[in-house]
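1. 3D, please:
(2 chains)
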Amino acid sequence: MFGHRLVTSVLSAAIATFALAGIDATAQAQNEQFIPSLVYRTGPYAPNGIPFANGYADYLALVNERDGGINGVKIITEECETGYATDRGVECYERLKNKGPTGAAAFSPLSTGITYALIERAPVDKIPIVSMGYGRADSADGAVFTWVFPLLGTYWTQADTLVHYVAMQEGGYDKLKGKKIAFIYHDSPYGKEPIPVFQALSKIHGFELEMYPVAAPGLEQKSTWLQLARQFRPDWTFMWGWGVMNSTAIKEAAAIGYPRDHFIGVWWSGAEPDVIPAGDGAIGYKSGAMHAAGPVAAVHQDIFKYLYDKGKGAAKREEVGQVLYNRGMINAALVVEAIRTAQGKFGNKPLTGEQVRWGLENLNLDDKRIKEISFDGLIAPLKLSCANHEGEPKVRIQQWDGKKWTFVSDWLTPDEKLLRPMVEESANKYAKDKNITPRDCAKES
Amino acid sequence: MLYREVGQFKTSYAADQAIFPIMQDRIGLIIVLLIAFVAVPLVGNDYWLRTLLTPFLIFALAAIGLNLLTGYAGQVSLGTGGFMGVGAYAAYNIAIWLPWLNIFVVFALAGLVAAGVGILFGLPSLRIKGFYLAVATLAAQFFLGWAFIRVPWVTHYSASGSITLPAIAIFGVAINSSVSRYLFTLCIVSVLALVAKNLVRSNAGRAWMAIRDMDIAAEIIGIRPLRTKLLAFAVSSFYCGIAGALLAFVFLESVEPAAFDLDRSFQILFMIIIGGLGSILGSFLGAAFITLLPIFLNRVPTTLGLPLGTATISHLEFMTFGALIVFFLVVEPHGLARLWQIGKEKLRLWPFPH
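-> Presented below is the predicted three-dimensional model:
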């Protein structure tokens, strides 16, 4: 009798414990926000993909460790390897889009091809695409591209600011007349994206533009550079390269004696893996930048304190602060801030992609807020709206001194009067092709 | 016991010439088709239908196309990616210029355009053979890849060179859900696979195999090499072209030239080598092996809860996948289809092997 009762009580206690544990687990699971992470830690572009993925992972981990999540909502994340291949990227997207209690918050594809493919899927699945500094330039028009957010600038803003910088160096836009500018680019949609802006600017300011496509992956550029430097003899050279193409181009420029300080890359051509392989040849090379390089902000100290001192960091300690590490970190931070903004409207709970989209559209990072999240000195303020999904972007020019990147210009503002009509024209053409009725932004709250 | 044709007497020539002469095979096929057309759409979720099965079917179609050319007619081709691209861009242009045209007609026309390009690049096959032909078709691949990037009207003057495909509909029904995309692909692939299966048993197919096995002997018995080879190129490119159009319209929805690069050609070639040269079933098995297995391998560690890094999982995937390719090629150089055939032979004798 006693034995029987003991067994019963033990059993019921066990059941109760399990039931409680179960409830606890579900309660915890329900208070989690899933943020997916598409990465490429392998494949031809891995040297650039790894630091970005590390920065992204570290920032999400930091928010959990330091703040206990976003307003108490823990972040859960999962990486999926795309290898920079579009079909694998799409597979990753489909694999992760419904994870977590409310589905994926936002996707950052980090590849032009994957971004283009996901732009078609985002409106159906109602998940925003954050293509920070890449993707379609016309997706800055939020009225047509409701679900796409090319934060901190597109290739068109970058192209315009590079010309702006050159004009400043030459002593004004009027001095550009008759100057020669070469444009060397990765022969893919990524590299071709800025061409319309360069062509428009060349017409307006009267500089001569010559274009040199480089077939992917870009290891063979000898003939291109011979042509460029011996025949065309440009005053300035711009480059849209990615991966190994960047360091190869810088090496060729050095070999042929082209002045490196008149050679400016896009922001995807301005990270450590691009210049270090070129050695001393890279000294003086410039590139665009949407944020500062180096562990310069307070957030880096937090990352050291909460992650690396406890052995929880994703990268090596000395890699924290590299250009692409910072970019991944900023990408994660913008998504987190968008979620925080959306929580202000929908409550401090896990949010759906649709709610995060609202948060992105109403994202307003002013100087004060940037200081609060310890990103002071890293990025310029940005403010989004229904029509503007780019966030009033600003670009700086940085220069490699052989050891580190330093800014050589102030924040440059692109010429919206030129770009905005181009963005709208292109976006409206897309809307017509796809039978999309653009939103009326005057009616959006 | 179950798989034996004892007692199945053929009383007519038609019965003797059937594609599947054994009743169990016919039943098996009907079951497979029922599963594919009814069960899978009912139970499959978005991820399965749209991300795994739809691309699998599309690549199987491309593999059938290449198999007709390489497996049956013996002409090695490295231009599959290019021919798929021709189909995709042709379908895009036709759909843009003639938006009222039925999508099946669009795809058929795109297939014909690809067939024309295939004939053009098949012309050298009369003079060059084997590895040399492979190099010639490699030239086709590079030329077509160049054309997709450099010729502006191909991409409808898109500034970035990347195209966004218009939405598709059949008789007013939009093909936009996972199920409809899957069924649309499945219909096209089943019909074309059936046609291919019949084609290789026909006069044309026998002529291809004669050319493949010994072209001089084939010529002597009255098979015209030029016509036969060009027909193989045309039909193969037609299939690849439709596969390319499907890949663009149904799966990717936005196409950059890199989607049809040399890697794609190799991918399809590996499918038919692993699946089985000269086998329609092999094309499906090979496509499954190349498209589905890496994703499966990639997901195993996470599903088991192993705490591995993303890069490690990826490297493991490559290593296991490579090892499996070597394993299958060592075990059965004639591909997975041959393994299946051996299995069937064994089953026929079971349980009384000689």
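2. Look up phi and psi at the spatially closest residue to residue A:83 that is not a sequence neighbour.
-> Using CB to CB, 6 or more residues apart in numbering or on different chains and skipping residues adjacent in sequence, the residue nearest residue A:83 is residue A:43, 4.0 Å away. (Glycine included, C-beta is placed from N, CA and C.) Main-chain torsions, residue A:43, degrees, to the nearest 10: phi 90, psi -180.
3. I'd like the distance between residue B:333 and residue B:275.
-> 12 Å (CB to CB, to the nearest Å).
4. Between these two, tell me which one has more neighbours.
-> The neighbour comparison of residue B:333 against residue B:275 (other CB atoms under 10 Å in any protein chain shown) goes to residue B:275, with 30 against 11.
5. who touches the closest residue to that one other than its chain neighbours in this structure?
-> Residue nearest to residue B:275 in three dimensions, not counting chain neighbours: residue B:286, with 2.3 Å by CB to CB, 6+ apart. By CB atoms under 8 Å, 6 or more residues apart in numbering or on different chains, the contact set of residue B:286 is B:63, B:270-276, B:335-336.
6. try residue B:311
-> Neighbours of residue B:311 in contact, by CB under 8 Å, 6+ apart: A:41-42, A:46, A:50, A:81.
7. Including neighbour count, could these go into a markdown table?
-> Formatted as a markdown table, the contacts of residue B:311 follow (neighbours: other CB atoms under 10 Å in any protein chain shown):
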| residue | neighbour count |
| --- | --- |
| A:41 | 21 |
| A:42 | 21 |
| A:46 | 19 |
| A:50 | 24 |
| A:81 | 26 |
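8. so which pair among those residues is furthest apart in space?
-> A:50 and A:81 (11.2 Å; CB to CB).
9. can you give me the strands in the stretch 151-300 of chain A?
-> For the stretch 151-300 of chain A, the strands defined by DSSP state E, counting those that start in this stretch occupy A:180-186, A:208-214, A:236-240, A:263-265, A:286-289.
10. What residues sit buried inside the fourth one?
-> What that stands for is strand A:263-265. A:263-265 (16 or more other CB atoms under 10 Å in any protein chain shown).
11. with those residues in mind, which one is nearest to residue A:414?
-> residue A:264 (15.0 Å).
12. Against residue A:272, how distant is the closest one?
-> 17 Å.
13. Now for the residue nearest to residue A:358 when sequence neighbours are not counted: which residues touch it?
-> Excluding its sequence neighbours, the residue lying closest to residue A:358 (CB to CB, 6+ apart) is residue A:342, at 5.4 Å. For residue A:342, the contacting residues are A:351, A:355-356, A:358-360, A:362, by CB under 8 Å, 6+ apart.
14. JSON lines for the contacts of residue B:286, including secondary structure and pLDDT?
-> Putting the contacts of residue B:286 into JSON lines (DSSP: H, G, I helix; E, B strand; the rest coil; pLDDT from 0 to 100) gives the following:
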{"residue": "B:63", "secondary structure": "helix", "pLDDT": "97"}
{"residue": "B:270", "secondary structure": "helix", "pLDDT": "94"}
{"residue": "B:271", "secondary structure": "helix", "pLDDT": "94"}
{"residue": "B:272", "secondary structure": "helix", "pLDDT": "95"}
{"residue": "B:273", "secondary structure": "helix", "pLDDT": "93"}
{"residue": "B:274", "secondary structure": "helix", "pLDDT": "93"}
{"residue": "B:275", "secondary structure": "helix", "pLDDT": "94"}
{"residue": "B:276", "secondary structure": "coil", "pLDDT": "93"}
{"residue": "B:335", "secondary structure": "coil", "pLDDT": "91"}
{"residue": "B:336", "secondary structure": "helix", "pLDDT": "93"}
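15. Of those - the most surrounded one?
-> residue B:63 leads the contacts of residue B:286 on contacts (other CB under 10 Å) with 34 neighbours.
16. which one is that one nearest to, not counting chain neighbours?
-> residue B:283 (3.8 Å).
17. For the one you found, which three-state class applies?
-> With DSSP: H, G, I helix; E, B strand; the rest coil as the basis, residue B:283 sits in helix.
18. Share the number of residues neighbouring it, please.
-> Residue crowding around residue B:283 was assessed by other CB under 10 Å; the count is 31.
19. Quick check: it touching residue B:270?
-> No: contact criterion CB atoms under 8 Å: residue B:283 and residue B:270 do not qualify, at 11.9 Å.
20. Residue numbers of chain B in contact with chain A?
-> B:46-47, B:50-52, B:55, B:149, B:159-162, B:164, B:166-167, B:176, B:251-254, B:256-259, B:295, B:298-299, B:302, B:309-311, B:313-315, B:318 (CB under 8 Å from any CB of the partner chain).
21. Could you turn the buried ones of these into a PyMOL selection?
-> The PyMOL command for the buried members of the residues of chain B next to chain A (criterion: 16+ other CB under 10 Å) is given here:
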select buried, chain B and resi 47+50+51+52+55+149+159+160+161+162+164+166+251+252+253+254+256+257+258+259+295+298+302+310+311+313+314
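22. wait, is residue A:79 part of a strand?
-> Yes: under three-state DSSP, residue A:79 falls within a strand.
23. so where is the stretch 301-445 of chain A shaky, pLDDT-wise?
-> Under the criterion pLDDT under 70, the flagged ranges of the stretch 301-445 of chain A are A:445.
24. Spell out which parts of it neighbour chain B.
-> A:426, A:430, A:433-435.
25. Please tell me how far the residue nearest to residue A:83 sits from residue A:406.
-> In this view, residue A:43 and residue A:406 are 31 Å apart by CB to CB.
26. These two - which one has more neighbours?
-> residue A:43 (16 against 12).
27. All the strands of the stretch 51-200 of chain B, in order from the start?
-> Here the stretch 51-200 of chain B has its strands, by DSSP E, counting those that start in this stretch, at B:163-164, B:169-170, B:173-174.
28. Pull up the pairing partners for the first one, direction included.
-> In the sheet containing strand B:163-164, its partner strands are strand B:254-255 (antiparallel), by DSSP bridges.
29. Same check on the last one?
-> Strands adjacent to strand B:173-174 in the sheet, as given by DSSP bridges, are strand B:169-170 (antiparallel).
30. What mean pLDDT does the strand it pairs with get?
-> In this model, strand B:169-170 has a mean pLDDT of 86.
31. got the contact list for it?
-> Contacts of strand B:169-170 (CB under 8 Å, 6+ apart): B:102-104, B:175, B:184.
32. which one of the residues you listed is nearest residue B:144?
-> residue B:103 (23.4 Å).
33. Give me the neighbour count for that closest one.
-> 20.
34. How confident was the prediction at it?
-> For residue B:103, the predicted pLDDT is 93.
35. in terms of contact, does it touch residue B:168 like I think?
-> Yes: using CB under 8 Å as the test, residue B:103 is close enough to residue B:168 to be in contact (4.9 Å).
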